[in-house]
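S.K.: what follows is a protein structure lacking sequence information:
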């Protein structure tokens with residue numbers, strides 16, 4: 001990633017975290033309502049940043065983000081042209097018999113109208129990329145309209161009617177872009193794979209980046225021009241890489257298709273309606289890499305949070321809870337947050353231990369980054385949607401199948417549950433667990449045993465080559481660690497370390513609120529929080545986490561008001577470090593390929 005975008009990641013992360021810092025300051029100053037307002041502002045800022053800077057995340061669900069995985073189709077797209085290297089790209093596409101979509105800049109189209117016509121004459125689609133490549137994330141409605149209209153006018157002046165597609169410069173979406181596109185019958189297009197050919201890493205590297213782990217429905221992003229000042233404008237390496245890209249994808253059983261074919265493939269969803277007065281499409285896209293949660297799930301999550309809040313309001317004095325939180329020790333809360341970082345590190349190591357792939361060694365930093373990003377996304381995504389996201393991010397970083405990582409993640413949950421039961425059993429002589437905890441742990445152990453046995457039966461046998469490369473085979477490949485005792489022992493060991501760190505978080509939080517930091521209360525809080533996480537519905541597990549942990553520690557003799565204050569603080573020391581550290585990873589992934 002270019003250094004300028006790295007700086008942008010840092011700036012965006014700092015801006016997103018600022019409301020949380022202010023919320024803590026106002027809570028400490030005895031202004032709980034202001035603190036709540038700043039916390040709400042953080043949630044709004046997080047959603048807005050995801051929508052603005054992650055091309056595949058669209059709150060309106062109108063972006064064409066990918067085609068259906070089962071279609072065995074892939075789309076090749078080029079941005080920022082036409083330029084002097086466009087003829088070489090066109091020749092390479094002709095030799096490879098590939099039709100592509102060119103998202104042209106209006107200024108470049110005015111300079112090289114002959115190339116716009118040549119792109120169209122050779123059977124490729126000409127789409128819009130704005131007139132000047134100016135970022136539209138902060139542009140007002142007049143500027144957005146001007147960029148769209150001038151670009152379309154430039155293409156039409158060249159004698160070509162543009163396709164009803166638009167790709168925003170860098171993939172960044174401003175608040176006025178969606179309405180402007182609908183008014184003109186245009187549909188926003190993202191991508192699944194940014195190749196970073198603008199870095200000029202060499203034709204072989206470009207081909208490898210564009211072809212590694214091919215999956216159906218992908219939209220590849222390359223460039224035949226340069227829209228960013230300061231970058232080397234030459235695209236000869238891109239042209240040289242096109243034949244090898246085509247060869248590798250076809251060897252893997254895929255065919256190249258234009259965007260309209262990708263969007264209309266079976267399984268892509270209903271056809272989008274035409275906009276009034278326009279020629280394009282405007283509706284939710286096909287199956288996506290990372291989709292916003294459905295309305296039903298969002299509504300269910302909200303209802304869970306509201307129900308938990310209603311229960312809390314009836315049982316406790318909220319003013320006493322806020323007063324208790326305002327008196328909490330910042331140093332001990334900081335220590336709890338530090339222990340949470342240790343827990344995250346242990347969980348990442350546990351996950352890495354069970355993600356196995358032939359010839360691939362998963363790096364710890366990739367597992368940790370994907371885990372942090374998934375946890376950060378879980379603050380706004382309900383129903384464990386973050387699990388799929390983190391699996392996708394690790395798969396992309398490690399160069400292995402997302403399906404395999406999802407299966408390995410399921411095995412990771414089994415290992416984590418097993419480690420929890422082992423850790424609780426070790427504490428049994430010192431902690432008198434109540435009957436609900438004993439029954440719950442027994443149920444967890446039974447489910448883990450059944451799931452582990454199923455994984456052992458379904459996992460690949462040593463030395464056997466899978467007969468197919470379909471989704472089933474990739475899922476089974478993700479269970480390879482179940483037949484590797486060393487990997488399982490390492491995973492269980494890291495799981496135990498993670499639960500020790502979780503207990504330390506609970507102990508530090510209890511002490512921060514002036515409550516007795518007993519091992520019994522801490523262990524019950526960890527068990528309850530784990531149970532709440534297993535059935536997560538609300539974004540960030542809000543409500544159910546607090547209710548479960550408050551009831552658990554309340555059973556040890558702690559007053560209800562103090563128990564709820566502990567639960568809120570216990571949740572906060574989990575969420576804040578994740579938001580601060582995982583947010584930048586999400587933004588960085590969003591900027592990839594821009």
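M.R.: Received the coordinates, thanks. Just so we're clear, the structure is a prediction, and the values are computed from it rather than from any experiment.

S.K.: any idea which element residue 333 lies in?
M.R.: helix 330-354 (DSSP states H and E).

S.K.: kindly apply the preceding question to residue 103 instead.
M.R.: Going by DSSP H and E, residue 103 is part of strand 101-104.

S.K.: Provide the strand pairings for that strand, with the direction of each partner.
M.R.: Using DSSP bridges, strand 101-104 pairs in its sheet with strand 73-81 (parallel), strand 125-128 (parallel).

S.K.: can you tell which of these is closest to residue 196?
M.R.: strand 73-81 (12.1 Å; C-beta to C-beta). C-beta here means a position set from N, CA and C on the backbone, and glycine is covered the same way.

S.K.: right, and the helix or strand after the closest one?
M.R.: helix 86-96.

S.K.: what packs against that following helix?
M.R.: strand 73-81, helix 113-121, helix 236-251 (3 or more C-beta pairs under 8 Å, 6 or more residues apart in numbering; DSSP states H and E).

S.K.: residue 410: which of those is closest?
M.R.: Here strand 73-81 is closest among those (C-beta to C-beta), at 27.9 Å.

S.K.: quick one: mean pLDDT over that closest one.
M.R.: Taken as a whole, strand 73-81 has a mean pLDDT of 95.

S.K.: and the angle for it with helix 236-251?
M.R.: 170 degrees (axes from the mean of the first three to the mean of the last three C-alpha atoms, to 10 degrees).

S.K.: and strand 73-81 with helix 113-121, angle?
M.R.: Orientation check (the same axes, to 10 degrees): strand 73-81 against helix 113-121 gives 170 degrees.

S.K.: how far is strand 73-81 from where the chain is centred?
M.R.: Put simply, strand 73-81 sits 23 Å off its chain's centre (C-alpha atoms, centre = their mean, to the nearest Å).

S.K.: okay, angle between that strand and helix 86-96 too, please.
M.R.: 170 degrees.

S.K.: got any ranges where the stretch 201-350 of the chain has weak pLDDT?
M.R.: 265-317 (pLDDT under 70).

S.K.: show me where it has helices.
M.R.: Applying DSSP state H, counting those that start in this stretch to the stretch 201-350 of the chain gives helices spanning 203-211, 236-251, 259-263, 295-315, 318-326, 330-354.

S.K.: got a markdown table for those helices, with distance to residue 49 and mean neighbour count too?
M.R.: A markdown table is the format used below for the helices of the stretch 201-350 of the chain (distance: least, C-beta to C-beta, whole Å; neighbours: other C-beta atoms under 10 Å):
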| stretch | distance to residue 49 | mean neighbour count |
| --- | --- | --- |
| helix 203-211 | 26 | 20 |
| helix 236-251 | 30 | 20 |
| helix 259-263 | 27 | 21 |
| helix 295-315 | 19 | 15 |
| helix 318-326 | 27 | 17 |
| helix 330-354 | 21 | 21 |
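
S.K.: turn the ones you listed into a markdown table, including distance to residue 155.
M.R.: Formatted as a markdown table, the helices of the stretch 201-350 of the chain follow (distance: least, C-beta to C-beta, whole Å):
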| stretch | distance to residue 155 |
| --- | --- |
| helix 203-211 | 26 |
| helix 236-251 | 21 |
| helix 259-263 | 16 |
| helix 295-315 | 37 |
| helix 318-326 | 58 |
| helix 330-354 | 48 |
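
S.K.: quick check: the gap between the residue most central in space within the chain and residue 183.
M.R.: In the chain, the centroid-proximal residue (C-alpha atoms, centre = their mean) is residue 389; its distance is 4.2 Å. Residue 389 sits 32 Å away from residue 183, going by C-beta to C-beta, to the nearest Å.

S.K.: what residue of this structure is the furthest out?
M.R.: Quick read of the chain (C-alpha atoms, centre = their mean): farthest out is residue 429, 41.7 Å.

S.K.: wait, a helix at that residue?
M.R.: No: Residue 429: not assigned to a helix; according to DSSP: H, G, I helix; E, B strand; the rest coil it is coil.

S.K.: ok, it to residue 519 distance?
M.R.: For residue 429 relative to residue 519 (C-beta to C-beta), the value is 11 Å.

S.K.: same check, this time on residue 177
M.R.: Taking C-beta to C-beta, one finds residue 177 at 54 Å from residue 519.

S.K.: give me the pLDDT value at the residue nearest to the centre of the chain.
M.R.: Residue 389 is given a pLDDT of 77.

S.K.: repeat for residue 101
M.R.: 96.

S.K.: read off the pLDDT value for residue 186.
M.R.: Confidence score, pLDDT, at residue 186: 95.

S.K.: distance of it from residue 206?
M.R.: When distance is defined by C-beta to C-beta, residue 186 is 29 Å away from residue 206.

S.K.: need the contact list for the residue farthest from the centre of the chain.
M.R.: If you count contacts by C-beta atoms under 8 Å, 6 or more residues apart in numbering, residue 429 has none.

S.K.: now swap in the one 5 residues further on and tell me
M.R.: Taking C-beta under 8 Å, 6+ apart, we find residue 434 in contact with 524, 555.

S.K.: mind redoing it with 10 Å?
M.R.: 440, 520, 524, 527, 552, 555-556 (C-beta atoms under 10 Å, 6 or more residues apart in numbering).

S.K.: check residue 158 too.
M.R.: 82, 104, 109-110, 112-120, 126.

S.K.: and it, how far from residue 104?
M.R.: 9 Å.

S.K.: next: residue 419.
M.R.: 55 Å.

S.K.: which one's more surrounded, these two?
M.R.: Neighbour count, other C-beta atoms under 10 Å: between residue 419 and residue 104, residue 104 has more, with 32 against 23.

S.K.: how far away is the more buried one from residue 475?
M.R.: From residue 104 to residue 475 the distance is 41 Å (C-beta to C-beta).

S.K.: and for residue 219?
M.R.: Residue 219 is 24 Å from residue 475, where distance means C-beta to C-beta.

S.K.: more neighbours, the two?
M.R.: Neighbours were counted for residue 219 and for residue 475 using other C-beta under 10 Å; residue 219 has more, 24 against 17.
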